[in-house]
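Novice: Structure for this input, please:
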Amino acid sequence: MSKDQPISPAVMAQRRPPAASAPRPAETDQARLTGTAAEVVAPEEMTGSQAIIRSLEQLGVTDVFGLPGGAILPTYDPLLDAEKINHILVRHEQGAGHAAEGYALASGRVGVCIATSGPGATNLVTALADANMDSIPMLAITGQVASSAIGSDAFQEADIVGMTMPVTKHSYLVTDAQEIPRVIAEAFHLASTGRPGPVLVDVAKDAQQAMMTFSWPPQMELPGYRPVTRGHSKQIKEAARMIAAAQRPVLYTGGGAMRADVPAELLELAELTGAPVVTTLTARGIFPDSHDQNLGMPGMHGTVPAVYALQQSDLLITMGARFDDRVTGQLSSFAPNAKVIHADIDPAEISKNRVADVPIVGDLKYVIPDLTQAVRQEFEETGTPDLGLWWDTLNSLSETYPLGYTKTDDGLGSPQYVIERISELTGPDAVYVSGVGQHQMWSAQFVDYERPRQWLNSAGLGTMGFAVPAAMGAQVSQPDRVVWAIDGDGCFQMTNQELATCVINNIPIKVAVINNSSLGMVRQWQTLFYDGRYSHTELNTGHNSRRIPDFVKLADAYGCAALRCEKDEDVDETIKKALEINDRPVVIDFVVSANAMVWPMVPAGVSNDQIQIARNMTPEWNTED
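Specialist: Below you'll find the predicted structure:
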């Protein structure tokens, strides 16, 4: 997944003369995205480690997640005295990374995590790759062995800059203490502007210990980094002309719209055009589910109307989406008759998978209002298009093929029902975080999303173990909201050690373990494509198994409130009990059937026209124009 290309190929931060640079639009966005402080600090002497903490304070950072070790120890000393920064000690560095992601996703601010060198830093790689795929603004600070020992295979040395270059927006190695304020400021700016993403700053131990002269703000040196924010006016006008001429338009909305924070702007454009709206997995909530124009999620496990609308569209109005394979299915057969308007802040995404007829490079915060104005002017000149026949077809499909499920016939709980009731009893003010697999898709389908930043998940990388630490980070950033981690029994076992972090730091997340005693999505594929040969997918955690571990006992050992629910008739009472407990985390072991599957489904590698609403059942529709 390509990113904005920042600065020079050199990754080692070296002392350079300051270069004058003219103000540019991206810099004005920094305060909106990060809440950067504007305080001017006169020069004063301090250590490099003190400069790291002071720089974070100047950038408005209030919470960091981390785990100390030898190479980062100099920085943990001044952190102890930092009055403006709350440090949360995690139990595993991967947890720190996912917590920083959850913090960023729920708040829109840069998430920050800290780790030591070697294995501490490498444990962050999964979270960095995850943030890179989903364009999450994140700053990772790692300690490194002393600069004199770099390259000598010193104790706990690892080339974390080299390792992370492919999975970060940029990576720095700092060996000169004087460079620390500039590098931290640049990293924060890179993470939060243009297409957001993770940035790693690796600081040698001797640079942390050395004396330097701190002042603020530093002069950033990013001559090659100038994200385009305003769309080209001619392209905007051409897009408006195409919208006015379209008979079957679709607003195909992706995670870029969420990162740009444009719910009001998108709503205005949608209502002006009257076009149906589909929201991808990372965009759920940017456009309210309750709105009549929302067809739901497209793609492999999308709704029938959303999939059909894209396939039969004559114009895709693509806002911050990247034509991911989980949306398009077989790319050559995706939306075969549609022209494409594609607006994205990352020029590398435009025409990468699907050629755009009208490419618009820019920040959706500016592009959508400009496009709305152009469309309004076009409608005034040519008239508002009549989409009545298009909507008649889509409404008919919505009535014929609504999202639903069949309750299990083995006496065990229905996972879809559990998630549906969590949504109904908790409401849209809550934050819902999922792991990866069946429970992720059911959460995307059966929770009602009415606002942005309500739904957090690992989409592009599909990282099992994301839910618990990400929910922890979300709760830290949103202390007054209920935060649900809807997790699978497989995912939960990868990162549940962060329950200890939650208990000790009074972070009262609620964890719903959808326990089907198996790696559910893998098992579903084994059922459908491998003749039911369940090779190594049984986890022995659920009904009629050895229950290793017993999630109720495990949660109790961590100091959480622990509940178990095994029948649909007990679901409401259990959820209500969990909602009443706010003084510690709650873990609910929802024992459900392993036979439940995620439908609809487009099998991998085939056309979206072959979407199935149940096993071997395809909707009846006329795919001719």
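
Novice: just checking, Tyr401 touches Ile613?
Specialist: Yes: using C-beta atoms under 8 Å, Tyr401 is in contact with Ile613, at 6.1 Å. Bear in mind the C-beta positions are built from the backbone N, C-alpha and C, glycine included.

Novice: hey, what's in contact with both of the two?
Specialist: Among the neighbours of Tyr401, those also in contact with Ile613 (C-beta atoms under 8 Å, 6 or more residues apart in numbering) are 304, 600, 619.

Novice: need the strands for the stretch 501-625 of the chain, in chain order.
Specialist: 510-515, 561-565, 586-591 (DSSP state E, counting those that start in this stretch).

Novice: Parallel or antiparallel, which strands does the shortest one pair with?
Specialist: For strand 561-565, the paired strands and their directions (DSSP bridges) read strand 586-591 (parallel).

Novice: for the record, mean pLDDT for the strand it pairs with?
Specialist: On average, the pLDDT along strand 586-591 is 98.

Novice: which residues sit against that strand?
Specialist: Under the criterion C-beta under 8 Å, 6+ apart, external residues in contact with strand 586-591 comprise 412-413, 415, 418, 499, 508-515, 517, 542-543, 551-552, 554-555, 558, 560-566, 571, 574-575, 578.

Novice: Of these, just the buried ones, ChimeraX syntax please.
Specialist: Buried residues within the contacts of strand 586-591, by 16 or more other C-beta atoms under 10 Å, are selected in ChimeraX with:
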select :412,413,415,418,499,508,509,510,511,512,513,514,515,517,542,543,551,552,554,555,558,560,561,562,563,564,565,566,571,574,575,578
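
Novice: which secondary structure element contains the nearest residue to Ser398 once chain neighbours are set aside?
Specialist: Counting by C-beta to C-beta, 6 or more residues apart in numbering, Pro305 is the residue found nearest to Ser398 once chain neighbours are left out, at 4.8 Å. Applying DSSP states H and E as the criterion places Pro305 in helix 304-312.

Novice: follow-up on the earlier one: looking at Tyr401 and Ile613, which one has more neighbours?
Specialist: Under the criterion of other C-beta atoms under 10 Å, the comparison of Tyr401 against Ile613 puts Tyr401 first, with 19 against 16.

Novice: now that one, nearest residue through space, not along the chain?
Specialist: Tyr401 sits nearest to Val304 (C-beta to C-beta, 6+ apart), 3.8 Å away.

Novice: how deep is that neighbour tucked in, by neighbour count?
Specialist: Val304 has 23 neighbouring residues, counting by other C-beta under 10 Å.

Novice: Would you enumerate the residues in contact with it?
Specialist: Val304 neighbours (C-beta under 8 Å, 6+ apart): 397, 400-401, 600, 611, 613, 619.

Novice: All the helices of the stretch 201-350 of the chain, residue numbers only.
Specialist: Ranges of helices within the stretch 201-350 of the chain are 205-209, 233-245, 255-260, 263-273, 304-312, 325-328, based on DSSP state H, counting those that start in this stretch.

Novice: can those go into a markdown table with extra columns for distance to Leu173 and mean pLDDT?
Specialist: Written out in a markdown table, the entries for the helices of the stretch 201-350 of the chain read as follows (distance: least, C-beta to C-beta, whole Å; pLDDT from 0 to 100):
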| stretch | distance to Leu173 | mean pLDDT |
| --- | --- | --- |
| helix 205-209 | 9 | 98 |
| helix 233-245 | 39 | 98 |
| helix 255-260 | 27 | 98 |
| helix 263-273 | 39 | 98 |
| helix 304-312 | 44 | 97 |
| helix 325-328 | 34 | 95 |
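
Novice: Of those, which is nearest Ser290?
Specialist: helix 263-273 (11.9 Å; C-beta to C-beta).

Novice: other SSEs contacting that closest one?
Specialist: Other elements packing on helix 263-273 under the criterion 3 or more C-beta pairs under 8 Å, 6 or more residues apart in numbering; DSSP states H and E are strand 249-253, helix 364-382.

Novice: Show me what it is in contact with.
Specialist: Counting contacts by C-beta under 8 Å, 6+ apart, the residues touching helix 263-273 from outside are 243, 249, 251, 253, 257, 277, 286-288, 291, 293, 317, 319, 364-365, 368-369, 371-372, 375-376, 379, 451-452.

Novice: Tell me who's in contact with the closest residue to Ala562 other than its chain neighbours.
Specialist: The shortest distance from Ala562 to any residue that is not its chain neighbour, by C-beta to C-beta, 6+ apart, is 3.8 Å, and that residue is Ala555. Going by C-beta under 8 Å, 6+ apart, Ala555 touches 499, 511, 561-562, 585, 587, 589.

Novice: pLDDT wise, what is Ala555 at?
Specialist: 98.

Novice: and if you look at Arg15?
Specialist: In the predicted model, Arg15 carries a pLDDT score of 31.

Novice: Can we start the residue count at 438 from this point?
Specialist: Will do, 438 is the new start, and the previous item becomes Arg452.

Novice: I figured the residue nearest to Ser835 hits Leu732, correct?
Specialist: Yes: using C-beta under 8 Å as the test, Pro742 is close enough to Leu732 to be in contact (4.5 Å).

Novice: Residues that sit against both of these two, list them.
Specialist: Common neighbours of Pro742 and Leu732 are listed as 713, 831, 835 (criterion: C-beta under 8 Å, 6+ apart).

Novice: Pretty sure the second one sits against Val714.
Specialist: No: counting by C-beta under 8 Å, Leu831 sits too far from Val714 to count as a contact (11.1 Å).

Novice: who's more crowded, the two?
Specialist: Val714 (28 against 22).

Novice: And the more buried one, how close does it get to Pro700?
Specialist: Going from Val714 to Pro700 by C-beta to C-beta, to the nearest Å gives 12 Å.

Novice: Find the residues that touch each one of the two.
Specialist: Phe724.

Novice: contacting residues around Gln487?
Specialist: With contacts defined as C-beta under 8 Å, 6+ apart, Gln487 is in contact with 515, 651.

Novice: Which secondary structure element is home to Ser833?
Specialist: Assigned by DSSP H and E, Ser833 falls in helix 825-837.

Novice: so who does Asn943 touch?
Specialist: With C-beta under 8 Å, 6+ apart as the criterion, the residues that contact Asn943 are 1020-1021.

Novice: mind checking the backbone torsions on it?
Specialist: Listed backbone geometry of Asn943 is phi 60, psi 50, with angles given as degrees, to the nearest 10.

Novice: Then Leu516?
Specialist: The main-chain torsion angles of Leu516 are listed as degrees, to the nearest 10 and equal phi -60, psi -30.

Novice: That one touches Ile522, doesn't it?
Specialist: Yes: taking contacts as C-beta under 8 Å, Leu516 lies within contact range of Ile522: 6.9 Å.

Novice: name the helices or strands packed onto the helix holding Ser833?
Specialist: In this structure, helix 825-837 makes packing contacts with helix 741-749, judged by 3+ C-beta pairs under 8 Å, 6+ apart.

Novice: Okay, angle between the helix it packs on and strand 686-690 too, please.
Specialist: 110 degrees (axes from the mean of the first three to the mean of the last three C-alpha atoms, to 10 degrees).
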